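[1] only geometry, no sequence info:
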């Protein structure tokens, strides 16, 4: 499913699993290098493998995009529950199609030039930068900007996933976060 979506146009990624590398060097070194340097990482959290979470943490620290995916019914650990995850039931055609659509939407969103990666590390780094800022007004504005961006992403995702029906008007003078004009 991942290869089918991400190798096809408009994306054209070269998709490979970490264990499919033919480099004769150290496996761990190669995996970490790939995780840090890849344009996009799709982390399969299905088996709750500690290595997968460790590697995902490395990816988060790189402040580059990662998409989380897991088998339907998996209960993710506390630290990962809040992160948007694609849950797929590989025995259900509709679930697979919905997951393909979700993966396409996430990858499309990630490829937008102005996208900023959001994960626990990027959010913590933003707080650290904000604390270093001398101007308290600038701190408040930056915090509000980040929260509005997060809410816009969630609203857009909820609308595209069919979770919201109808239009939710934007307040006067504010751009429509879902892009509906």
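    Perfect, I can see it now. The structure displayed is predicted, hence computed values, not measured ones. Residues are numbered from 1 along each chain as shown.

[2] Only C-alpha atoms from now on, for both contacts and neighbour counts.
    OK.

[3] And the helix or strand encompassing residue 97, what's buried?
    Following DSSP states H and E, the helix or strand that holds residue 97 is helix 93-110. Buried residues in helix 93-110, counted by 16 or more other CA atoms under 10 Å: 95, 96, 98, 99, 100, 102, 103, 104, 106, 107, 110.

[4] Beyond the strand of greatest length in the chain, next helix or strand please.
    Counting by DSSP state E, the longest strand found in the chain is strand 66-71. Next in sequence after strand 66-71, counting helices and strands by DSSP H and E, comes helix 78-81.

[5] State whether residue 128 is indeed within a helix.
    Yes: looking at residue 128 with DSSP: H, G, I helix; E, B strand; the rest coil, it is inside a helix.

[6] For the nearest residue to residue 44 once chain neighbours are set aside, give its distance to residue 53.
    Distances taken as CA to CA, 6 or more residues apart in numbering place residue 69 nearest to residue 44, at 4.9 Å, with adjacent residues excluded. Separation of residue 69 from residue 53 (CA to CA, to the nearest Å) stands at 12 Å.

[7] who touches both of those two?
    Common neighbours of residue 69 and residue 53, counting by CA atoms under 8 Å, 6 or more residues apart in numbering, are residue 45.

[8] quick one: the spatially most central residue of the chain from residue 120, how far?
    Nearest residue to the geometric centre of the chain (CA atoms, centre = their mean): residue 67, 4.1 Å. Remark: distance between residue 67 and residue 120 (CA to CA) = 14 Å.

[9] Can you pull the phi/psi pair for residue 44?
    phi -90, psi 110 (degrees, to the nearest 10).

[10] is it true that it touches residue 51?
    No: using CA atoms under 8 Å, residue 44 is not in contact with residue 51, being 11.0 Å away.

[11] still on that earlier bit, so if I had to pick from residue 69 and residue 53, which one is more boxed in?
    Shown here are residue 69 and residue 53; by other CA atoms under 10 Å, residue 69 has more neighbours (19 against 16).

[12] For the more buried one, give the beta-bridge partners.
    Taking DSSP bridges as the rule, residue 69 bridges to residue 44, residue 86.

[13] Verify the stated contact: it with residue 83.
    No: the criterion here is CA under 8 Å, and residue 69 misses it with residue 83 at 10.4 Å.

[14] Thank you kindly, that will do.
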